[in-house]
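Chemist: below is the sequence, then the predicted model.
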Protein chains: 2
Amino acid sequence: MKMIAKTPEPPWHSVIFTSVKTGGDHRYNEIAENMIKPAGERAGFLGAESVRDLNGITVSYWESLEAIEKWKCHSEHQRAKERGREEWYAEFAVRVEKVEAARFLERKAAFAAEGKIGEEP
Amino acid sequence: MKMIAKTPEPPWHSVIFTSVKTGGDHRYNEIAENMIKPAGERAGFLGAESVRDLNGITVSYWESLEAIEKWKCHSEHQRAKERGREEWYAEFAVRVEKVEAARFLERKAAFAAEGKIGEEP
């Protein structure tokens, strides 16, 4: 997965998931990686960005609140959420947000544009 | 810094900064750590969460867009932004968002509440 998601011009929505793990592995990385794929196949999914060690932040981007609601009810996501609550996380926060402005820099192109980036290479 | 920011009930605003580093150190960690402190002293700052390796995600939370605008103009932040553009980042994205809903879990208390968490310990 490319680190910076190629999101379109706002507005659209995001989900920020920040977490602190309990310490044990509990097949976490394997299942967390497998979460990205079904999200990518959902209607209205625009991309995701994730950095994890013991702490983690994953941001996913969505066309609408409706698309987020449908993803919340997806069965694979439901199972992962149960594992998260029961085994993985000492603490977490989920924040649903509306993206109002976005700005990007890519060193190759050396440009920054309000709310817009170049085409996917 | 505690990982999960103790943010109040929405609505308020956030800035998501996602980045890919160029590779060299260029005193990055030292200066990035020093960015948190002046942000914490700004009016309207509600907290921040950050995970970094070669990729990084930092989310900061603010009472209002006005507080974010004032922080954008802060001189120490300006200098760090110049270093970021010139030396540190191969690529980055900044997204300004309005937080509409928040949900938390803390294992100690084993509860999840919409838009609300317990008092800071």
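Modeler: Sure, I can see it. Numbers count the residues shown, from 1 in each chain, chains lettered A, B, ... in the order given.
Chemist: pull up the distance across stretch A:46-63, start to finish.
Modeler: Separation of the first and last residues of stretch A:46-63 by CA to CA, to the nearest Å is 7 Å.
Chemist: buried residues of that stretch, list them for me.
Modeler: Buried residues in stretch A:46-63, defined by neighbour count with 16 or more other CB atoms under 10 Å in any protein chain shown: A:46-52, A:55-62. C-beta: built from backbone N, CA, C; applies to glycine.
Chemist: just flag the most distant two among those.
Modeler: A:Leu46 and A:Asn55 (24.4 Å; CB to CB).
Chemist: which stretches of chain A form strands?
Modeler: A:12-21, A:45-52, A:55-62, A:89-106, A:111-114 (DSSP state E).
Chemist: any idea how far A:Val15 is from B:His77?
Modeler: 26 Å (CB to CB, to the nearest Å).
Chemist: ok, these two, which is more surrounded?
Modeler: Under the criterion of other CB atoms under 10 Å in any protein chain shown, the comparison of A:Val15 against B:His77 puts A:Val15 first, with 19 against 16.
Chemist: so what's A:Ile31 closest to, chain neighbours aside?
Modeler: A:Ala80 (5.8 Å; CB to CB, 6 or more residues apart in numbering or on different chains).
Chemist: distance check, the one you found against chain B.
Modeler: With distances taken as CB to the nearest CB, to the nearest Å, A:Ala80 is found 14 Å from chain B.
Chemist: now for that residue, how many residues are close by?
Modeler: If we define neighbours as other CB under 10 Å, then A:Ala80 has 18 of them.
Chemist: coming back round to it: show me which of the buried residues of stretch A:46-63 neighbour chain B.
Modeler: Counting by CB under 8 Å from any CB of the partner chain, A:Glu49, A:Ser50, A:Val51, A:Arg52, A:Asn55, A:Gly56, A:Ile57, A:Val59 from those sit close to chain B.
Chemist: is A:Ser19 bridged to anything, and to what?
Modeler: As for beta bridges, A:Ser19 partners with A:Gly56, A:Phe92 under DSSP bridges.
Chemist: that one: neighbour count?
Modeler: Neighbours of A:Ser19 (other CB under 10 Å): 24.
Chemist: surely it touches A:Lys81?
Modeler: No: applying CB atoms under 8 Å as the test, A:Ser19 and A:Lys81 come out as separate, 11.7 Å apart.
Chemist: okay, now A:Lys98: neighbour count?
Modeler: 16.
Chemist: ok, the residue nearest to A:Ile31 to A:Arg27 distance?
Modeler: 11 Å.
Chemist: thought A:Glu91 was touching A:Phe17?
Modeler: No: counting by CB under 8 Å, A:Glu91 stays clear of A:Phe17, with 11.8 Å between them.
Chemist: so where is chain A shaky, pLDDT-wise?
Modeler: Counting by pLDDT under 70, chain A contains low-confidence residues at A:1, A:24-26, A:33-38, A:107-121.
Chemist: for the nearest residue to A:Pro8 once chain neighbours are set aside, give me its contacts.
Modeler: In this structure, A:Pro8 finds its nearest non-sequential neighbour in A:Leu46, 6.8 Å apart by CB to CB, 6+ apart. By CB atoms under 8 Å, 6 or more residues apart in numbering or on different chains, the residues touching A:Leu46 are A:Ala5, A:Thr7, A:Pro8, A:Trp12, A:Tyr61, A:Trp62, A:Glu63.
Chemist: same question, A:Val20
Modeler: Per CB under 8 Å, 6+ apart, neighbours of A:Val20: A:Leu54, A:Asn55, A:Tyr89, A:Ala90, A:Glu91, A:Phe92, B:Met3, B:Ile4.
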